[in-house]
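**Student:** Build me a model from this:
(one chain, ligands or ions: 1)
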Amino acid sequence: MASAPHHDLKLGTTLDETARQDFVATLRGFVLNDMAGDMSQVYEQDVKPRATREMGHEPATASEVHKAMRPNLTFKMYSSMRVNTQEMVWDSVREAVQREVPVWRPRLKQAGAKGPGTLHLNPDLEIPRSVSAIDVHLLPGNYDSEHGPEDASQGVWFDHGSAVFYMGLLGPDQGDIGRSISTFIKTKYPDFSPDKILDLGCTIGQNTLPWAQTYPDAEVHAIDVGAPVLRYAHARANALGVGVHWHQMNASSLDFEDETFDVVWSSMFWHEVPIKDIRKAFKEAYRVLKPGGLMLHMELPPNSTLSAYDGFYLDWDSWYNMEPFYKSFRDQDPKALCVEAGFPADGFAQYVVPSVNWFGEEATKQAVDEQGKFDQNTGRFANGISWYSFGAWKPE
Ligand SMILES: C[S@@+](CC[C@H](N)C(=O)[O-])C[C@H]1O[C@@H](n2cnc3c(N)ncnc32)[C@H](O)[C@@H]1O
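**Tutor:** Have a look, this model is predicted:
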């Protein structure tokens with residue numbers, strides 16, 4: 001089932017639209033759970049033995065598995081269904097976003113004006129081509145297109161589409177990633193009490209707000225290059241009564257002073273960024289962190305931690321879902337990225353955190369002793385998901 005946003009900016013939808021959104025979410029669940037399960041059996045029983053005979057060895061990398069799977073009918077069926085359901089996700093809310101403009105625009109304006117957060121846009125910011133030139137995960141117009149002055153359509157669309165896309169896995173406010181990981185960090189490091197937190201590539205801020213809620217005394221800032229998503233993030237946070245300072249900024253060139261933040265966080269960000277920009281942004285994260293601060297990124301798990309088949313399964317988006325940087329990011333060694341940015345090797349940390357929404361808060365808290373325990377649902381949008389995160393502590 002889709003889980004419609006629970007805040008005052010929620011779109012009015014017709015009964016037909018709600019039914020359609022539920023159908024699409026359920027169909028996506030079928031593709032990602034049932035069809036994906038069948039596909040992995042077909043690989044084990046049919047494709048792998050055949051490829052092993054032909055290649056003279058078992059497919060050893062994600063790319064070799066992909067090559068072996070491409071002619072397979074089950075794979076073609078799975079891929080067609082996944083691409084189609086992805087397009088259906090955005091389609092299922094498009095009409096409501098457009099129809100409801102006269103309703104949501106004044107509401108957004110009102111929520112934006114009332115605080116407690118602030119919004120700082122920079123019309124001169126050059127939007128990186130990795131955002132301006134493509135429609136990531138097939139969202140028409142991506143995060144940055146504006147359809148008139150002060151437009152926020154892409155943010156409204158992203159919020160409501162995400163509720164369908166995640167099939168209810170992330171809870172009513174879509175904040176499960178931020179909630180699970182901030183809860184985990186607070187439980188694991190009870191003496192760590194950040195005063196200032198920064199979120200990079202925040203989009204509409206659904207995984208920013210949980211940090212502000214977990215650490216209510218902290219000042220929270222969030223950046224993104226997309227003006228429409230930031231306008232919506234600002235209004236949405238205000239509508240939910242959470243104060244965050246939103247900035248239009250490039251993560252590879254931050255305007256903040258050195259040693260400003262205790263936490264530099266991001267969620268689902270780097271797999272959409274070219275590797276040369278990631279390297280710059282990690283150095284920026286190091287620069288703006290205070291000594292003793294934590295850089296922490298929730299991301300898809302690296303290929304090196306997965307079997308060749310699981311690597312192939314996660315790389316799928318790179319080939320078929322307009323995510324051109326997905327694979328190049330996941331081929332990196334997360335520890336090497338942190339060390340290259342200036343962090344000491346012994347400051348590196350990685351965590352696998354059970355989803356609060358799926359397992360409950362107690363399970364997340366109890367997992368604090370089980371760092372880096374990967375399983376087949378780590379980072380995979382399936383029932384029983386757990387979140388991978390990595391980063392590093394800056395020395396005192
Ligand atoms: C997948 S979304 C992030 C999702 C969000 N953090 C979440 O938790 O769901 C990627 C976001 O990064 C932004 N972005 C891409 N390149 C960027 C850059 N160089 N600096 C800042 N934001 C960037 C995009 O505009 C987009 O909003």
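
**Student:** Any part of the strand or helix carrying residue 236 near the ligand?
**Tutor:** For residue 236, the enclosing helix or strand under DSSP states H and E is helix 227-239. Yes - contact between helix 227-239 and the ligand, assessed by Cβ under 6 Å from any ligand atom, occurs at residue 229. Every C-beta, even on glycine, is put in place using the N, C-alpha and C of the backbone.

**Student:** After that helix, which helix or strand is next?
**Tutor:** strand 245-248.

**Student:** phi, psi of residue 294?
**Tutor:** The phi and psi values for residue 294, taken as degrees, to the nearest 10, are phi -120, psi 130.

**Student:** got the residues of the stretch 101-250 of the chain near the ligand?
**Tutor:** 128, 130-131, 143, 177, 201-203, 206-207, 223-226, 229, 250.

**Student:** no, scratch that, I was asking about the stretch 251-396 of the chain
**Tutor:** Applying Cβ under 6 Å from any ligand atom, we find that the stretch 251-396 of the chain lies next to the ligand at 251, 252, 267, 268, 269, 272, 273, 277.

**Student:** In helices, which of those appear?
**Tutor:** Those of those mapping onto helices are residue 277, per DSSP state H.

**Student:** Next, format the residues of the stretch 251-396 of the chain next to the ligand as JSON lines and append pLDDT and neighbour count.
**Tutor:** Output for these, formatted as JSON lines (pLDDT from 0 to 100; neighbours: other Cβ atoms under 10 Å):
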{"residue": "251", "pLDDT": "98", "neighbour count": "24"}
{"residue": "252", "pLDDT": "98", "neighbour count": "19"}
{"residue": "267", "pLDDT": "97", "neighbour count": "25"}
{"residue": "268", "pLDDT": "95", "neighbour count": "16"}
{"residue": "269", "pLDDT": "97", "neighbour count": "22"}
{"residue": "272", "pLDDT": "95", "neighbour count": "20"}
{"residue": "273", "pLDDT": "97", "neighbour count": "23"}
{"residue": "277", "pLDDT": "98", "neighbour count": "17"}
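
**Student:** the helices in the stretch 151-300 of the chain, which residues?
**Tutor:** 153-165, 176-188, 209-214, 227-239, 275-288 (DSSP state H, counting those that start in this stretch).

**Student:** what does the stretch 1-150 of the chain give?
**Tutor:** Using DSSP H, counting those that start in this stretch, helices in the stretch 1-150 of the chain cover 15-29, 36-42, 48-55, 62-69, 73-99, 101-114, 129-132.

**Student:** Okay, buried residues for the shortest one please.
**Tutor:** By neighbour count, with 16 or more other Cβ atoms under 10 Å as the criterion, the buried positions of helix 129-132 are 130, 131.
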